[in-house]
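Undergrad: I'd like to go over a predicted model; first the sequence, then the structure.
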Number of protein chains: 2
Amino acid sequence: MANIDDVAKLARVSTATVSAVVNGRDGKVMPRTRQRVLNAIEKLGYRPNLYARTLARGRSRLLGVIISDVMNPFFAEVAQVVQSEALACGYNVLIAATQFSVHRLNDAVEHMIGMRVDGMVVITTEMDEHTLAVVRRRKIPVVFEDVGTTDETTSNLRVDYAGGIYRAVLCLAELGHTHILFAENYPSITEKRRLFSIQARSDAFAAAVKKFSNLKSFTIARPGPPFQAGIEAAVTARSHFDFTGVVANCDPIAIGMLRGFRRSGKRVPQDISLIGFDNSAWCELTEPPLTSVDVSRSSIGTAAVEALVGMIENKTPGTDIRIETNLILRESVGRAPKESRVSSNAAVELRP
Amino acid sequence: MANIDDVAKLARVSTATVSAVVNGRDGKVMPRTRQRVLNAIEKLGYRPNLYARTLARGRSRLLGVIISDVMNPFFAEVAQVVQSEALACGYNVLIAATQFSVHRLNDAVEHMIGMRVDGMVVITTEMDEHTLAVVRRRKIPVVFEDVGTTDETTSNLRVDYAGGIYRAVLCLAELGHTHILFAENYPSITEKRRLFSIQARSDAFAAAVKKFSNLKSFTIARPGPPFQAGIEAAVTARSHFDFTGVVANCDPIAIGMLRGFRRSGKRVPQDISLIGFDNSAWCELTEPPLTSVDVSRSSIGTAAVEALVGMIENKTPGTDIRIETNLILRESVGRAPKESRVSSNAAVELRP
DNA sequence: CTGAAAGCGCTAACAC
DNA sequence: GTGTTAGCGCTTTCAG
């Protein structure tokens, strides 16, 4: 493949001139010369080698974004927004997915360091102290989501789970619901530990309910993938608890519950009001469309890039960045029905 | 940031030795020396500069994949599969999204050339002759989807739309449906041109129906985004055509129709059987779950990488690669109802 | 305005 | 086994 020397030779100029033309530092190049260079480039199909360029420049203007899974629309959208935002700031973006493996997280980080990224944003469900330490030590500006510490080169996105869940509960309360169920899942029978962001929602629910004196609350947790867990939760919960409002800790659970309720003859929203979490694209497609708590992916993306660029270019120290949440009203919520159902507290897996 | 010289100095060896250690060319390095080098690396936090490495090696072992949109699960999954498949073959992968813009397609291609990718797979809805020519001229191995030509360095993925649609029609016919509707959308009132892959499905439907002597078929096309178009199509179609089976040209349309039918009091599958196209994740979540034609994303990914690696490493000439499609049965299809509805052929936008 | 030349950090012969 | 060194292709002073 043709290189800068070939072009220089063909245009009968030096490589410096070619470089100037290629990088738009005109002004310093006579139009005639410039044209000769351009012709040579065209003729040879010359394209600068970006490795050589980056090496020579000593600066990558590259941002790394590490997410858990490209196929998850949440992560995909965040990556997307980071990318276009970064582009606007003159940075290119390198995307890596960990597939939820700590090992691949580590690989990704090492790769980004090798690529000399100027900064990175890590929005993953998994996290590794060691990996984190490596980044810290190098003082590479980095933005995490919901990770504890903050320092000179690390910022933190804090999603306002509490606010979102509170709004969901408030909404139900205002519609007259007094008995509210929180539905969640956990990985499997043997693995009950959950991600921080998932746990945070549980905690937020407990906290939200406390603020209302007249609310009775229940929690049901089922093992397995969220959609299945949701179906099961809907069926199980109805025979154990007395409730008319439900907050699910993610949309797939809510969608599963929608199916569970329908199959057991309960109508949403006439009999039961249902609220999901994440405001994913699915919410629009369900029947009825699902009310859900929105975590702005675009806020996450823009906030991350803003923080990153600040740390990179102005040495701004890392900060906590609050990410707002909002309740998006759709048709899955309605006034609480008049009559109440029989209550009974048998043994189901539930959380305090 | 520490470089190879720093490490060499600290370990009191030459850079060649450091390089040998870093690249696992042990055998040629005494364990003692090796250890010294490793210590130095650890102490300095040394990580090889990938740009310098690639430049020196003269080979990127990089594959580029260009898709239209990361947020679309179809593209995301293809990218995903290509990535892991490539990794298995010892290639890294660079992903770029065009957001359906020809301009960005071009940028992406230029960037990949700059990165000296060994080959690329381009699965986009948009396409540009000029861009294509640039790649051809450079003889960079490339895999396209549903693009006309094939040559020494370009292969083609051909999705078997005809087979998939045929199976859908066959399925309905076998269940006793004799009046079948094909539902599709087009960008907008002013822009009726559609993507090749979309048009191919229309054509496939027409062809499939011809194979059955007893089938009566209709087509309805509505402008706008598929989900909305689907809702509208369901409502409109029922007042104009007499049908019991529907094939939609993509899942969102089918999901929209599901809503449209429900709202107009028709039950799926009791009154109407409905089949989507793409077998997206949504199909599992609808009520009832949607029967759909599956285009194997993993086949696309693996086939693409296989073809690419063949062209790169063995100079295999480009070929056409057939991608199979399958009908995935779920609950949105059932036997045709006994009675038929009144028919009337008023003026709706339809396609031959 | 243009050219010569010194790196950027690493690899891979080729010596020793 | 280990060191020396000549590139890889581009950018960027610094002269002219």
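TA: Yes, it's here. Numbering: from 1, shown residues only, chains lettered A, B, ... in the order given.

Undergrad: roughly how far does residue A:297 sit from chain B?
TA: Distance from residue A:297 to chain B, counting by Cβ to the nearest Cβ, to the nearest Å: 10 Å. The way it works is simple: take the backbone N, C-alpha and C, and place the C-beta from them, glycine included.

Undergrad: you'd agree that residue is up against residue A:82?
TA: No. Between residue A:297 and residue A:82 there is no contact under Cβ atoms under 8 Å: 9.8 Å.

Undergrad: close to DNA strand D, is stretch A:2-9?
TA: Yes. Residues of stretch A:2-9 contacting DNA strand D under Cβ under 7 Å from any atom of the strand: A:3, A:4, A:5.

Undergrad: kindly indicate the member of these with the most neighbours.
TA: residue A:4 (20 neighbours; other Cβ atoms under 10 Å in any protein chain shown).

Undergrad: which residues does that residue contact?
TA: By Cβ atoms under 8 Å, 6 or more residues apart in numbering or on different chains, residue A:4 lies in contact with A:15, A:18, A:19, A:46, A:48.

Undergrad: interface residues of the stretch 101-250 of chain A facing chain B?
TA: A:110, A:111, A:113, A:114, A:115, A:116, A:134, A:137, A:138, A:227 (Cβ under 8 Å from any Cβ of the partner chain).

Undergrad: out of the residues you listed, which end up buried?
TA: A:111, A:113, A:115, A:116, A:134, A:227 (16 or more other Cβ atoms under 10 Å in any protein chain shown).

Undergrad: residue A:240: which of those is nearest?
TA: Nearest to residue A:240, judged by Cβ to Cβ, of those is residue A:227 at 20.7 Å.

Undergrad: can you tell me the element the closest one falls in?
TA: Following DSSP states H and E, one finds residue A:227 within helix A:226-240.

Undergrad: low-confidence stretches in chain A?
TA: A:339-352 (pLDDT under 70).

Undergrad: now for the residue most central in space within it: which residues touch it?
TA: Nearest to the mean C-alpha position of chain A, counting by Cα atoms, centre = their mean, stands residue A:75 at 4.4 Å. Counting by Cβ under 8 Å, 6+ apart, residue A:75 makes contact with A:67, A:68, A:69, A:97, A:123.

Undergrad: chain B: which of these is nearest?
TA: Relative to chain B, the closest of those is residue A:97; by Cβ to the nearest Cβ it sits at 7.4 Å.

Undergrad: and for that closest one, the neighbour number?
TA: Residue A:97 has 27 neighbours, counted by other Cβ under 10 Å.

Undergrad: so what does it look like in phi/psi?
TA: The phi and psi values for residue A:97, taken as degrees, to the nearest 10, are phi -120, psi 140.

Undergrad: shouldn't residue A:188 be within a helix?
TA: No. Counting by DSSP: H, G, I helix; E, B strand; the rest coil, residue A:188 is located in no helix; its state is coil.

Undergrad: against residue B:100, how distant is the residue nearest to it when sequence neighbours are not counted?
TA: In space, and not counting its chain neighbours, residue A:188 is closest to residue A:223: 5.2 Å by Cβ to Cβ, 6 or more residues apart in numbering or on different chains. Using Cβ to Cβ, to the nearest Å, we find residue A:223 at a distance of 40 Å from residue B:100.

Undergrad: and if you look at residue A:313?
TA: Distance, residue A:313 to residue B:100, using Cβ to Cβ: 32 Å.

Undergrad: likewise for residue A:151?
TA: To residue B:100, residue A:151 is 40 Å away according to Cβ to Cβ.

Undergrad: now swap in residue A:245 and tell me
TA: Look at residue A:245 and residue B:100: by Cβ to Cβ, they are 41 Å apart.

Undergrad: so residue A:222 is in contact with residue A:232, correct?
TA: Yes. Under the contact definition of Cβ under 8 Å, residue A:222 touches residue A:232, with a separation of 4.8 Å.

Undergrad: who touches stretch A:208-218?
TA: Under Cβ under 8 Å, 6+ apart, the answer for stretch A:208-218 is A:162, A:165-166, A:168-170, A:173, A:178-182, A:205-206, A:237, A:240-241, A:243, A:350.

Undergrad: let's see it at 7 Å
TA: Stretch A:208-218 has contacts (Cβ atoms under 7 Å, 6 or more residues apart in numbering or on different chains) with A:165, A:166, A:169, A:173, A:178, A:179, A:180, A:181, A:182, A:241, A:243, A:350.

Undergrad: chain A: strands as residue ranges?
TA: Using DSSP state E, the strands found in chain A span residues A:62-67, A:92-97, A:119-123, A:142-145, A:154-159, A:179-186, A:216-223, A:245-248, A:273-278, A:291-295, A:320-323, A:325-328.

Undergrad: what about residue A:63, how many residues close to it?
TA: The tally of other residues near residue A:63 (other Cβ under 10 Å) stands at 29.

Undergrad: Provide a list of residues in contact with residue A:257.
TA: A:183, A:230, A:233, A:234, A:246, A:248, A:274.

Undergrad: please tell me how far it sits from residue B:183.
TA: Residue A:257 is 30 Å from residue B:183, by Cβ to Cβ.

Undergrad: which residues of the stretch 51-200 of chain A lie near DNA strand C?
TA: So far as Cβ under 7 Å from any atom of the strand goes, the stretch 51-200 of chain A lies against DNA strand C at A:52, A:55, A:56, A:58.

Undergrad: what is the neighbour count of the second one?
TA: Spelled out, it's residue A:55. By other Cβ under 10 Å, 19 other residues sit near residue A:55.

Undergrad: so for residue A:222 and residue A:232, which sits in the more crowded spot?
TA: residue A:222 (23 against 20).

Undergrad: list the buried ones in the helix ranked longest in chain A?
TA: If you go by DSSP state H, chain A has its longest helix at helix A:297-314. For helix A:297-314, a neighbour-count test (16+ other Cβ under 10 Å) marks A:297, A:299-312 as buried.

Undergrad: how close does the closest residue to chain B within the stretch 101-250 of chain A get to residue A:163?
TA: Residue of the stretch 101-250 of chain A nearest chain B, by Cβ to the nearest Cβ: residue A:114 (4.0 Å). Residue A:114 is 40 Å from residue A:163, where distance means Cβ to Cβ.

Undergrad: coming back round to it: and the residue of the stretch 101-250 of chain A closest to chain B, what does it touch?
TA: Residues near residue A:114 by Cβ under 7 Å, 6+ apart: B:47, B:48, B:49, B:50.

Undergrad: can you count the residues close to residue A:324?
TA: Count around residue A:324 with other Cβ under 10 Å applied: 12.

Undergrad: pull the contacting residues for it.
TA: Per Cβ under 7 Å, 6+ apart, neighbours of residue A:324: A:160, A:296, A:299.

Undergrad: and for residue A:335?
TA: Going by Cβ under 7 Å, 6+ apart, residue A:335 touches A:175, A:176.

Undergrad: one more: residue A:224?
TA: Per Cβ under 7 Å, 6+ apart, neighbours of residue A:224: A:185, A:188.

Undergrad: tell me which of the residues of stretch A:2-9 next to DNA strand D fall in helices.
TA: Per DSSP H, the subset of the residues of stretch A:2-9 next to DNA strand D in helices is A:4, A:5.
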